[in-house]
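Visitor: Following is a predicted model, sequence given first.
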Amino acid sequence: MKRVYPNREYCIGCHLCELACITAHSKSGDLIIAYTEERPDDGLSPCKKIFQKGSECVAISCRHCDDPSCVAACISGALHKDPETGETVYDREKCVGCWSCLMACPYGAIRRHPAENKIVKCDLCHGREEGPACVQACPNQALKYEDRDD
């Protein structure tokens, strides 16, 4: 299965991946409108988050694990593993905001939605022909969308 892999050696902490994510998941699909108008109202939050310590940084998002601990921890069935695509799929309608998945994720890739009692996690820009927006927006190619033998 293809996944987004970060490379901290190339990440410069520009946050363009976060902006691309916000835009890809916005109603307008426009960066300026998504960031200035939709974001405060809808609480748009990027699925990807930059973690920085000193001069080192890395973009973290859902790894769509083969045996995801978040799915096992989800009490409402809002998270499940799609057997066909291999993606860890999130159904926001079923989410009860218990945060069990957030605590179970070993990567810290699941976060609280800033405006709702829900979570935010990467969906690999499901349905987007070009693949994940974060990968396409990264100027240093610090994010790769590929199939690897882990």
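Guide: Yes, it's here. Residues are numbered from 1 along each chain as shown.

Visitor: and residue 63, how far is that from residue 93?
Guide: Computed as Cβ to Cβ, to the nearest Å, the residue 63 to residue 93 distance reads 24 Å. All C-beta spots, glycine's among them, are computed from the backbone N, C-alpha and C.

Visitor: who's more crowded, these two?
Guide: residue 63 (18 against 7; other Cβ atoms under 10 Å).

Visitor: So what's the residue count around residue 46?
Guide: 24.

Visitor: On the pLDDT front, check it for me.
Guide: pLDDT for residue 46: 77.

Visitor: for it, phi and psi?
Guide: When read as degrees, to the nearest 10, the backbone of residue 46 gives phi -70, psi 150.

Visitor: Next up, the contacts around it.
Guide: Counting by Cβ atoms under 8 Å, 6 or more residues apart in numbering, residue 46 touches 17-19, 21-22, 120.

Visitor: if we go to 6 Å?
Guide: 18, 21-22 (Cβ atoms under 6 Å, 6 or more residues apart in numbering).

Visitor: Likewise for residue 79?
Guide: Contacts of residue 79 (Cβ under 6 Å, 6+ apart): 70-71, 90, 101.

Visitor: Which one of these is nearest to residue 134?
Guide: Among the contacts of residue 79, residue 90 lies closest to residue 134 (Cβ to Cβ), at 16.8 Å.

Visitor: The closest one: how many residues sit nearby?
Guide: 23.

Visitor: pLDDT score for the closest residue in space to residue 48 that isn't next to it in sequence?
Guide: Nearest-residue entry for residue 48: residue 61, 4.2 Å, with adjacent residues in sequence omitted and distances by Cβ to Cβ, 6 or more residues apart in numbering. For residue 61, the pLDDT comes out at 91.

Visitor: Please tell me how far residue 61 sits from residue 105.
Guide: Counting by Cβ to Cβ - residue 61 and residue 105 are separated by 11 Å.

Visitor: Look at those two and report which has more neighbours.
Guide: Using other Cβ under 10 Å as the criterion, residue 61 and residue 105 rank with residue 61 on top: 27 against 22.

Visitor: show me what contacts that one?
Guide: By Cβ under 6 Å, 6+ apart, the neighbours of residue 61 are 4, 47-48, 109, 122.

Visitor: Now, of these, which are buried?
Guide: Listed as buried from these are 4, 47-48, 109, 122; burial here means 16 or more other Cβ atoms under 10 Å.
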